[in-house]
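> predicted model follows, preceded by the sequence.
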Amino acid sequence: MPSPDIITVSQLARLIGTPEAPVIVDVCVDDDFNADPRLIPGSFRHPFNDIESLVPRLQDQRVVVVCRKGHKLGQGAAALLRTNGIAAESLDGGVVAWHEAGQPAVPAASIPPRRKTGETLWVTRHRPKVDRLACPWLIRRFVDPSARFLFVSPAEVMDVADRFGATPFDVEGVFWSHRGKECSFDTMVSEFGLETEPLKLLATIVRAADTDRHDLAPQAAGLLAASLGLSRMYRDDLRQVEAGMLLYDAFYRWCRDAVDEGHDWPTAKVKA
C-alpha cells in the first residue's frame, strides 16, 4: 500500500500548471543535479541539510520534496518538514522517475538569476494585452511561482532592466520576445522545455490572438476579447495580471482536459 506521505509522478503532473500545485523543493545534491541540470516545472533547489530554514516560507502550504530517486534525502527532508507542521510529501522515484515518465523539465540555465529574496524579476511594457498576460501566467505556473513583474513605459524597459536587474520580455531586441511569426509565449514554451501538447495548443491560441491571425485557432477571438476586456476593467497592471491568471488557467485546462467536449441545447432529446 502506498505511503500517505508519498506522491506519484502522475499525481504531481496533474497538479503542476494549476492553482492547486504544491510548492516543489528540489534537494538533489550538486553532483546529481549537475549530471542532469533540469528542474521539475515550478520547483526550486535547496540544500537538504538546511531544509528547516524554509519552514517560515512554507507555512500553510502543501509541499513536495524531490531528490534523485525518492529515497533518503527526499523522504527525510519531507519528514523533517512535517515535524515542523508542514504538509510535506516526497516524490515517488524522484526526478529519475519524473524524467523516465517523459514529463517536461525546465533547463536550469534557462531560468534568469534569482534575487537575494529568491524570486526572479521581469520587466516589460505597461498596459498588457495578450502576450504580456500569457507570459507571466506561464512563468508563475511552470517556472517560478514567486516571480515578480514590473510594468513600465516602453521607452524605459531596458534602462529599468539594467538598473534593477530585471529580465526584459516582449520588447524588441531581447531574448524573451517574438521570433519570426512566433510570439514571446512561444519562445518561453520552447526555451523552458515545456512543449507538451496542451501548452503547444495554448501557444497557438495565444499567437493567433496576439498577432491577429485568428485563422490559426478559433479560440483566439475569444481570448482577445477577454484580454481587451480586462485591459478596460483594470488600470492597475498588476491587478490585471492577477485577473489574467484565472483566464489562462481556464484556457489551459480546456487545452489539457476539454478539447473534445462540446455543448449544445437541448442536451438530450426526449424519446417519443
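Thanks, I have it. Numbering: from 1, shown residues only.

> okay, now residue 266: neighbour count?
Residue 266 has 6 neighbours, counted by other C-beta atoms under 10 Å. Any C-beta I mention is one placed from the backbone N, CA and C, and that applies to glycine too.

> mind listing what's buried in the longest helix anywhere in the chain?
In the chain, taking DSSP state H as the definition, the longest helix is helix 237-253. Neighbour counts over helix 237-253 (16 or more other C-beta atoms under 10 Å) mark 237, 240-241, 243-245, 247-248, 251-252 as buried.

> could you say what helices and strands that helix packs with?
Using 3 or more C-beta pairs under 8 Å, 6 or more residues apart in numbering; DSSP states H and E, the elements in contact with helix 237-253 are helix 131-142, strand 148-152, helix 197-210, helix 220-233.

> redo these as TSV? Include distance to residue 173, mean neighbour count and mean pLDDT.
Formatted as TSV, the helices and strands packed on helix 237-253 follow (distance: least, C-beta to C-beta, whole Å; neighbours: other C-beta atoms under 10 Å; pLDDT from 0 to 100):
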stretch	distance to residue 173	mean neighbour count	mean pLDDT
helix 131-142	15	25	98
strand 148-152	16	19	98
helix 197-210	18	22	98
helix 220-233	24	16	98
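
> would you turn those into JSON lines with distance to residue 121?
JSON lines is the format used below for the helices and strands packed on helix 237-253 (distance: least, C-beta to C-beta, whole Å):
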{"stretch": "helix 131-142", "distance to residue 121": "11"}
{"stretch": "strand 148-152", "distance to residue 121": "5"}
{"stretch": "helix 197-210", "distance to residue 121": "23"}
{"stretch": "helix 220-233", "distance to residue 121": "23"}
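
> what's the closest of these to residue 17?
For residue 17, the closest of the helices and strands packed on helix 237-253 is helix 131-142, at 5.0 Å, according to C-beta to C-beta.

> how does this protein divide up, domain by domain?
6-105, 111-258 (automatic domain parsing).

> got JSON lines for those, with distance to residue 266 too?
Below are these laid out as JSON lines (distance: least, C-beta to C-beta, whole Å):
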{"stretch": "domain 6-105", "distance to residue 266": "32"}
{"stretch": "domain 111-258", "distance to residue 266": "20"}
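
> for residue 51, which residues are in contact?
25, 27, 65, 77, 80-81 (C-beta atoms under 8 Å, 6 or more residues apart in numbering).

> circling back: among the helices and strands packed on helix 237-253, which comes closest to residue 21?
helix 131-142 (7.2 Å).

> tell me the buried residues in stretch 98-117?
Neighbour-count burial for stretch 98-117 flags 98-99, 103-106, 110-112 (criterion: 16+ other C-beta under 10 Å).

> could you dump that stretch to PDB, C-alpha only?
Output of stretch 98-117 as PDB, limited to C-alpha atoms (Å, rounded to 0.1, in the frame of the first residue of the first chain):
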ATOM      1  CA  TRP A  98       9.900  12.100 -13.500                       C
ATOM      2  CA  HIS A  99      12.300  12.100 -16.500                       C
ATOM      3  CA  GLU A 100      11.700   8.400 -17.300                       C
ATOM      4  CA  ALA A 101       7.900   9.200 -17.500                       C
ATOM      5  CA  GLY A 102       8.700  11.700 -20.200                       C
ATOM      6  CA  GLN A 103       7.400  14.600 -18.100                       C
ATOM      7  CA  PRO A 104       8.600  18.200 -19.000                       C
ATOM      8  CA  ALA A 105      11.600  19.600 -17.300                       C
ATOM      9  CA  VAL A 106      12.900  23.100 -17.200                       C
ATOM     10  CA  PRO A 107      16.700  23.600 -18.000                       C
ATOM     11  CA  ALA A 108      18.100  25.400 -15.000                       C
ATOM     12  CA  ALA A 109      20.300  27.500 -17.300                       C
ATOM     13  CA  SER A 110      17.100  29.000 -18.900                       C
ATOM     14  CA  ILE A 111      15.900  30.500 -15.700                       C
ATOM     15  CA  PRO A 112      17.100  34.100 -15.100                       C
ATOM     16  CA  PRO A 113      19.100  34.700 -12.000                       C
ATOM     17  CA  ARG A 114      17.100  35.000  -8.800                       C
ATOM     18  CA  ARG A 115      17.200  37.900  -6.400                       C
ATOM     19  CA  LYS A 116      18.500  37.600  -2.900                       C
ATOM     20  CA  THR A 117      15.000  37.100  -1.800                       C
END
